[in-house]
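Novice: Below is the sequence, then the predicted model.
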2 protein chains.
Amino acid sequence: MRPEMTPATAAERSDAARNRERLLLAARELIGQGGAAALTMDRLAEHAGVGKGTVFRRFGSRAGLMLTLLNDSEAAFQARVLFGPPPLGPGAAPLDRLVAFGAERIVYVLEYGDLVLAAEHASRNRFDVPAAALWNRHVEMLLREGGFDSPEPWLMAGSLNATLDPERLLHLVREHGVTGRRLSASWRDLVTRVVRGA
Amino acid sequence: MRPEMTPATAAERSDAARNRERLLLAARELIGQGGAAALTMDRLAEHAGVGKGTVFRRFGSRAGLMLTLLNDSEAAFQARVLFGPPPLGPGAAPLDRLVAFGAERIVYVLEYGDLVLAAEHASRNRFDVPAAALWNRHVEMLLREGGFDSPEPWLMAGSLNATLDPERLLHLVREHGVTGRRLSASWRDLVTRVVRGA
DNA sequence: GGACTAAACGGACCGCAGTCCGGTTATATT
DNA sequence: AATATAACCGGACTGCGGTCCGTTTAGTCC
């Protein structure tokens, strides 16, 4: 949301940096106590001893804050997918990488649950968020490498990714008692059929 | 949400019925003018000359209101799927019915756009709404009839349905200029591979 | 050190969905 | 027609995410 376009962006002012630290600390504290639901912007501001406007200038929105909180683990996950060891990382057969990707993604979503959910509630995007676009391209690439010939691999990749929608996964787990293992198996079944099916 | 359990439910009181008509009329009017976004519960109440509490007692929530507004077209669609002519209705081969189901569902979602979106924003459900459950069972049945042998047809049906998520479809159409035709083709590709792929 | 300026600050304010409860009214009963 | 009662009604109220704008302050230049 914030432009931040010029390369030589002036360093952040010291009070701004201090407040960001305070806010992130307070945010993790609130979430630690009462889950993501306990993190309202008003309470966060008060808890961090900061004005509400400051919270929004720093993070743009509640979803932006959640994204920031998830940044580290998300980056770690991305690194594992892009550069880590097979079968998740490069080196394995495309289908195996696809299977591993879904399985790990499911584990990730189940682990960070509410945070991921809240991060997706950005007003406009949810699909154009950088991470989502990355997963789309990743799956598309794996499909192509796997000899997938179809008019629109990009749409197919989007369909497969829709299957991993956090809201859906969490709903299945929480309301229907489906285990992560079963979800992974279903994903494996799905992508295997898609890649192999003529 | 409302119990309404006893079979011999007393008829609705006349003033309640009158207000419901007023509200539905006003709702369609507001949507007609400014789209679904223009339909806020306050404005609706004012426009219908009714208190806000009345709106919520009638429809439970904004999503509930949207569901009511969609009720007719949704029922018509359900009837076509369950009892209508093939290939959407019974009589055609399962795979053909599956393909037709996706195609028609896409047409439906694109036609009613914002309404469907708003109807899904129920606080808790979105997946357990009766209609969604019906589509899940429907797809599961078609998979089974199509000779789909897999440990969990129900999860597979859910995955396929996730592909038709209105938010996703509308996003692709509105932000990426994807046509309904391409979406249908992609769906056909997907279900064909899933059913055929061993 | 003093003056200047752009950035950061804070909290009042907005519109929203949804809740609550004291007052009102339609309907059944006699 | 009078009474009783359960359903209905309205709108003040809450908590939320998000915006706005007058005020303060950190960093810079003389």
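Specialist: Nice, thanks for sending it over.

Novice: Chain A against DNA strand D: which residues are in contact?
Specialist: Residues of chain A found near DNA strand D (CB under 7 Å from any atom of the strand) are A:13-15, A:39-43, A:52-53, A:56, A:61-63, A:123. C-beta: built from backbone N, CA, C; applies to glycine.

Novice: rerun at 6 Å
Specialist: Those residues of chain A that sit near DNA strand D, judged by CB under 6 Å from any atom of the strand, are A:13-15, A:40-42, A:52-53, A:56, A:61-62, A:123.

Novice: For the residues you listed, which entry has the maximal number of neighbours?
Specialist: Taking other CB atoms under 10 Å in any protein chain shown as the neighbour criterion, residue A:62 ranks highest of those with 20 neighbours.

Novice: which stretches of chain A aren't confidently modelled?
Specialist: A:1-10, A:123-124, A:198 (pLDDT under 70).

Novice: tell me the helices in it, going along the chain?
Specialist: Using DSSP state H, the helices of chain A run over A:14-34, A:41-48, A:52-59, A:62-83, A:94-120, A:130-145, A:153-162, A:166-176, A:180-196.

Novice: The last one packs against which elements?
Specialist: Pointing back at helix A:180-196 there. Under the contact criterion of 3 or more CB pairs under 8 Å, 6 or more residues apart in numbering or on different chains; DSSP states H and E, helix A:180-196 touches helix A:94-120, helix A:153-162, helix A:166-176, helix B:153-162, helix B:180-196.

Novice: just the angle between that helix and helix A:166-176, please?
Specialist: 130 degrees (axes from the mean of the first three to the mean of the last three CA atoms, to 10 degrees).

Novice: mind listing what's buried in helix A:180-196?
Specialist: Neighbour-count burial for helix A:180-196 flags A:180, A:182-195 (criterion: 16 or more other CB atoms under 10 Å in any protein chain shown).

Novice: Run through the residues of chain A sitting next to chain B.
Specialist: Taking CB under 8 Å from any CB of the partner chain, the part of chain A that reaches chain B is made up of A:126-128, A:150-152, A:155-156, A:158-159, A:162-163, A:165, A:167-168, A:171-172, A:175, A:178, A:182-183, A:185-187, A:189-190, A:192-198.

Novice: For the nearest residue to residue A:48 once chain neighbours are set aside, list the residues it contacts.
Specialist: Nearest non-adjacent residue to residue A:48, counting by CB to CB, 6 or more residues apart in numbering or on different chains: residue A:26, 3.9 Å away. Contacts for residue A:26 were tallied using CB atoms under 8 Å, 6 or more residues apart in numbering or on different chains; they are A:44, A:47-48.

Novice: Repeat the analysis, applying 10 Å as the threshold.
Specialist: Neighbouring residues of residue A:26 by CB atoms under 10 Å, 6 or more residues apart in numbering or on different chains: A:39, A:43-50, A:55.

Novice: which two from the residues you listed end up farthest apart in space?
Specialist: Farthest-apart pair in the contacts of residue A:26 is A:39 and A:49; separation 16.0 Å (CB to CB).

Novice: Compare those two (neighbour count), which wins?
Specialist: Neighbours of residue A:39 and residue A:49, each counted by other CB under 10 Å, are more numerous for residue A:39; the result is 24 against 10.

Novice: Contact partners for that one?
Specialist: By CB under 10 Å, 6+ apart, the contact set of residue A:39 is A:26-31, A:33, A:47, A:62, A:65-66, A:69, A:114-115, A:118.

Novice: Now, of the residues you listed, which are buried?
Specialist: Among the contacts of residue A:39, those buried by neighbour count (16+ other CB under 10 Å) are A:26-27, A:30-31, A:47, A:62, A:65-66, A:69, A:114-115, A:118.

Novice: Distance to DNA strand C added to these, as TSV?
Specialist: Shown next, in TSV, are these (distance: CB to the nearest atom of the strand, whole Å):
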residue	distance to DNA strand C
A:26	12
A:27	15
A:30	17
A:31	21
A:47	12
A:62	12
A:65	14
A:66	19
A:69	18
A:114	18
A:115	22
A:118	17
